[in-house]
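Q: everything below, folded, please.
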Amino acid sequence: MDKRCSMKEAIAASVKTGCSLVIDGFTHLICFAAGHEIIRQGVRDLTAIRLTPDLVYDQLIEAGCVKRLVFSWAGNPGVGSLHALRRRSEAGASSRIALEEYSHFGLLSRFLAASAGLPFWPLDNYAGGDIARANPEIKTVQCPYTGRTLATVPALHPDVAILHCQRADQEGNAQVWGLLGSQKEVAFAARRVIVVAEEIVPTEVIRKDPNRTLVPGIIVSHVVHEPWGCHPSFVQGFHDRDNEFYVAWEEISRSPERYAAYLDAFVYGVEDRKGYLAKLGAGVMDRLRAKPRVCAGVDYGY
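A: Okay, here's the model as predicted:
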């Protein structure tokens, strides 16, 4: 089945007001293009889920799309705070979003439970901190084998997962190389999956290198071809992380007025990712474009 569509069509079909959403990727392969389209379409009251809600979720929060954040660490990686999140979560905020916090492994375990069809996941964690006391979703169970008390977290089935990859075919078989996040676990836990790819390739190309297929097309709802959809995040083999952007974001995001001006120019002020890239400028893309470093092929002959 050919599942290809535009980003606008994929978001309109699957991301609805009030739904739960994961835009995955761990530093690598974070699909900002999807976040920007969600903002443009005016989706509201999202439960935004992510191990590391960095700039893409901060922008969703500033745009008024998020009512609840489920996370395990929040910040501008290597730089500082997420200022939209701080303005809407600290004491005294006029309009606060709800927060639900876990450790990295605790939130990953919620996806693991859901992807395995289990109601919860046990883990030997949370004994040395305050997270479990602050989060009533973290409970305990007695191990039937050792008698030990273990922490548990409930399965988490997001309504929608958005995953960026290097290449996919029209059926949604998605291949990834380089740094992996929780993409596979999130995909199998979610009710609907949007795959966004730098390249769309024939299925024969996918089948020639099957070990790179992280997400099978059978669980994918939409396939979007969106080159440079991750900027300022990076895509191994295609373009580097825009570290200058992350550093500059600290000052932009501190000021609500500068934040609004950025969203007006780069999100609301463009129709799609092509418009964003045109406004970004060819010089930035030339600076970040990856130089070839091709690995040796593998013989899967039989």
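Q: Trp49 bridge partners, please.
A: Not Trp; residue 49 is Ile. Counting by DSSP bridges, Ile49 forms beta bridges with Val22, Val70.
Q: quick one, what contacts Ile11?
A: 34, 37-38, 41, 43, 194 (C-beta atoms under 8 Å, 6 or more residues apart in numbering). (Each C-beta comes from the backbone N, C-alpha and C, glycine too.)
Q: repeat for Ile23
A: Taking C-beta under 8 Å, 6+ apart, we find Ile23 in contact with 30-31, 34-35, 50, 56-57, 162.
Q: neighbour-wise, which one of these leads?
A: Compared across those, Ile162 has the highest neighbour count, 35 neighbours, by other C-beta atoms under 10 Å.
Q: so that one, which of the three states?
A: Here Ile162 takes the strand state, with states given by DSSP: H, G, I helix; E, B strand; the rest coil.
Q: next one, pLDDT for it please.
A: pLDDT recorded at Ile162 is 98.
Q: that one against Ala197, yeah?
A: No - Ile162 is not in contact with Ala197 according to C-beta atoms under 8 Å; the separation is 11.8 Å.
Q: so what's Arg110 closest to, chain neighbours aside?
A: Among residues not flanking Arg110 along the chain, Leu156 sits closest, at 3.7 Å (C-beta to C-beta, 6 or more residues apart in numbering).
Q: tally up the residues packed near that neighbour, please.
A: Residues near Leu156, counting by other C-beta under 10 Å: 26.
Q: which ones among the contacts of Ile23 map onto strands?
A: Using DSSP state E, the subset of the contacts of Ile23 located in strands is 50, 162.
Q: which one of the contacts of Ile23 sits closest to Glu137?
A: Of all the contacts of Ile23, Glu137 sits closest to Arg50, with 16.3 Å by C-beta to C-beta.
Q: measure that closest one to Gly181 for me?
A: Per C-beta to C-beta, to the nearest Å, Arg50 is found 9 Å from Gly181.
Q: for Ala113, what are phi and psi?
A: phi -60, psi -50 (degrees, to the nearest 10).
Q: for Trp121, see how far away it is.
A: For Ala113 relative to Trp121 (C-beta to C-beta), the value is 4 Å.
Q: overlap of the contact sets of these two?
A: Shared contacts of Ala113 and Trp121, counting by C-beta under 8 Å, 6+ apart, come down to 153, 155.
Q: pretty sure Met285 contacts His239?
A: Yes - under the criterion of C-beta under 8 Å, Met285 makes contact with His239 at 7.2 Å.
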